[in-house]
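Enquirer: Okay, sequence plus prediction incoming.
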Amino acid sequence: MKILVGYNGVNVGKDLLKIAVEHAMAFKGEVLIVTSLIGGGKTELKKVQNAEKNLIKGKKYFDEKGVPCKTHLLIRGLEAGEDIVHFAKEKGIDEIIIGVKSRSKVGKLLFGSTAQAVILGAGCPVLTVK
(Lines give C-alpha, C1' and ligand atoms only; values in the text may rest on other atoms or scores of the structure.)
Protein backbone atom coordinates (compact mmCIF):
# COMPACT_ATOMS: atom_id res chain seq x y z
CA MET A 1 0.00 0.00 0.00
CA LYS A 2 1.29 3.45 -0.92
CA ILE A 3 0.28 6.33 1.32
CA LEU A 4 0.83 9.94 0.29
CA VAL A 5 1.05 12.56 3.04
CA GLY A 6 0.56 16.15 1.91
CA TYR A 7 2.91 17.86 4.35
CA ASN A 8 4.07 21.40 4.97
CA GLY A 9 5.47 20.91 8.47
CA VAL A 10 3.05 23.11 10.36
CA ASN A 11 -0.15 22.93 12.40
CA VAL A 12 -1.62 19.44 11.91
CA GLY A 13 1.65 18.04 10.52
CA LYS A 14 2.45 15.88 13.56
CA ASP A 15 -1.07 14.39 13.52
CA LEU A 16 -0.72 13.59 9.81
CA LEU A 17 2.54 11.77 10.41
CA LYS A 18 1.15 9.81 13.34
CA ILE A 19 -1.88 8.62 11.35
CA ALA A 20 0.29 7.75 8.35
CA VAL A 21 2.56 5.62 10.58
CA GLU A 22 -0.47 3.78 11.97
CA HIS A 23 -1.86 3.09 8.49
CA ALA A 24 1.52 2.07 7.07
CA MET A 25 2.10 -0.36 9.93
CA ALA A 26 -1.42 -1.79 9.73
CA PHE A 27 -1.28 -2.33 5.95
CA LYS A 28 2.47 -2.97 5.57
CA GLY A 29 2.69 0.14 3.44
CA GLU A 30 5.18 2.76 2.44
CA VAL A 31 4.79 6.50 2.84
CA LEU A 32 5.56 9.28 0.40
CA ILE A 33 5.76 12.66 2.12
CA VAL A 34 4.98 15.37 -0.42
CA THR A 35 5.27 19.15 -0.33
CA SER A 36 4.15 21.15 -3.35
CA LEU A 37 5.36 24.66 -4.16
CA ILE A 38 4.17 26.59 -7.21
CA GLY A 39 7.62 27.46 -8.59
CA GLY A 40 8.10 29.45 -11.78
CA GLY A 41 9.58 32.47 -10.04
CA LYS A 42 6.69 32.56 -7.56
CA THR A 43 8.53 30.59 -4.89
CA GLU A 44 11.29 32.22 -2.86
CA LEU A 45 14.48 30.27 -2.20
CA LYS A 46 13.79 30.50 1.55
CA LYS A 47 10.47 28.66 1.06
CA VAL A 48 12.21 25.90 -0.88
CA GLN A 49 14.85 25.55 1.84
CA ASN A 50 12.19 25.45 4.58
CA ALA A 51 10.22 22.84 2.65
CA GLU A 52 13.35 20.68 2.31
CA LYS A 53 14.05 20.95 6.05
CA ASN A 54 10.46 20.01 6.90
CA LEU A 55 10.61 16.98 4.62
CA ILE A 56 13.84 15.82 6.28
CA LYS A 57 12.23 16.16 9.73
CA GLY A 58 9.18 14.25 8.54
CA LYS A 59 11.29 11.43 7.08
CA LYS A 60 13.23 11.17 10.35
CA TYR A 61 9.93 10.54 12.16
CA PHE A 62 9.13 7.59 9.86
CA ASP A 63 12.69 6.27 10.03
CA GLU A 64 12.46 6.22 13.84
CA LYS A 65 9.24 4.19 13.60
CA GLY A 66 10.73 1.77 11.06
CA VAL A 67 8.28 2.75 8.30
CA PRO A 68 9.58 2.92 4.71
CA CYS A 69 9.40 6.53 3.56
CA LYS A 70 10.45 8.73 0.66
CA THR A 71 10.21 12.50 0.39
CA HIS A 72 9.22 14.52 -2.65
CA LEU A 73 9.40 18.28 -3.09
CA LEU A 74 7.25 19.14 -6.08
CA ILE A 75 7.91 22.41 -7.91
CA ARG A 76 6.07 21.86 -11.15
CA GLY A 77 4.13 25.09 -11.75
CA LEU A 78 0.84 23.68 -10.46
CA GLU A 79 -1.32 24.71 -7.52
CA ALA A 80 -0.71 22.38 -4.55
CA GLY A 81 -4.01 20.48 -4.75
CA GLU A 82 -3.74 19.83 -8.48
CA ASP A 83 -0.06 18.87 -8.10
CA ILE A 84 -0.79 16.35 -5.33
CA VAL A 85 -3.61 14.76 -7.36
CA HIS A 86 -1.37 14.39 -10.45
CA PHE A 87 1.54 13.04 -8.39
CA ALA A 88 -0.75 10.51 -6.65
CA LYS A 89 -1.93 9.22 -10.02
CA GLU A 90 1.64 9.05 -11.37
CA LYS A 91 2.80 7.01 -8.37
CA GLY A 92 -0.24 4.73 -8.00
CA ILE A 93 -1.07 6.00 -4.52
CA ASP A 94 -3.67 4.01 -2.55
CA GLU A 95 -4.49 6.64 0.10
CA ILE A 96 -3.87 10.36 0.61
CA ILE A 97 -3.67 11.95 4.06
CA ILE A 98 -3.91 15.73 4.07
CA GLY A 99 -4.53 18.48 6.61
CA VAL A 100 -7.39 20.94 6.39
CA LYS A 101 -7.51 24.47 7.68
CA SER A 102 -10.63 25.97 9.19
CA ARG A 103 -11.68 28.77 6.90
CA SER A 104 -14.95 30.58 6.36
CA LYS A 105 -17.16 29.60 3.42
CA VAL A 106 -16.37 32.94 1.80
CA GLY A 107 -12.63 32.32 2.24
CA LYS A 108 -12.95 28.96 0.53
CA LEU A 109 -14.90 30.49 -2.36
CA LEU A 110 -12.34 33.26 -2.87
CA PHE A 111 -9.13 31.33 -2.35
CA GLY A 112 -10.03 27.70 -2.99
CA SER A 113 -8.64 24.93 -0.85
CA THR A 114 -5.80 22.50 -1.39
CA ALA A 115 -7.69 19.82 0.53
CA GLN A 116 -10.86 20.48 -1.50
CA ALA A 117 -8.95 20.11 -4.77
CA VAL A 118 -7.41 16.84 -3.55
CA ILE A 119 -10.71 15.44 -2.26
CA LEU A 120 -12.52 16.22 -5.51
CA GLY A 121 -9.71 15.20 -7.87
CA ALA A 122 -8.09 12.17 -6.24
CA GLY A 123 -8.63 8.71 -7.65
CA CYS A 124 -8.17 7.11 -4.22
CA PRO A 125 -9.50 7.58 -0.68
CA VAL A 126 -8.52 10.86 1.01
CA LEU A 127 -8.28 11.16 4.78
CA THR A 128 -8.44 14.71 6.09
CA VAL A 129 -7.05 15.79 9.45
CA LYS A 130 -8.11 19.01 11.14
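Expert: Now that the structure is in, tell me what you want to look at. Residues are numbered from 1 along each chain as shown.
Enquirer: shaky segments in the chain?
Expert: 10-12, 42-43, 102-112 (pLDDT under 70).
Enquirer: switch the cut-off to 50
Expert: For the chain, the stretches with pLDDT under 50 are 110.
Enquirer: Where do the strands of this structure begin and end?
Expert: 2-6, 30-37, 69-75, 95-99, 126-129 (DSSP state E).
Enquirer: Output the longest helix belonging to this protein.
Expert: If you go by DSSP state H, the chain has its longest helix at helix 45-65.
Enquirer: Compute the inter-axis angle for that helix and strand 2-6.
Expert: 140 degrees (axes from the mean of the first three to the mean of the last three CA atoms, to 10 degrees).
Enquirer: Residues touching helix 45-65, excluding its own?
Expert: 5, 7-9, 13, 17, 20-21, 24-25, 31, 33, 35, 37, 68-73, 75 (CB atoms under 8 Å, 6 or more residues apart in numbering). Any C-beta I mention is one placed from the backbone N, CA and C, and that applies to glycine too.
Enquirer: Buried residues of it, list them for me.
Expert: Within helix 45-65, the residues scored as buried using 16 or more other CB atoms under 10 Å are 50-51, 54-55, 58-59, 61-62, 65.
Enquirer: Ok, stretch 68-81 next?
Expert: 69, 71, 74-75, 78, 80-81.
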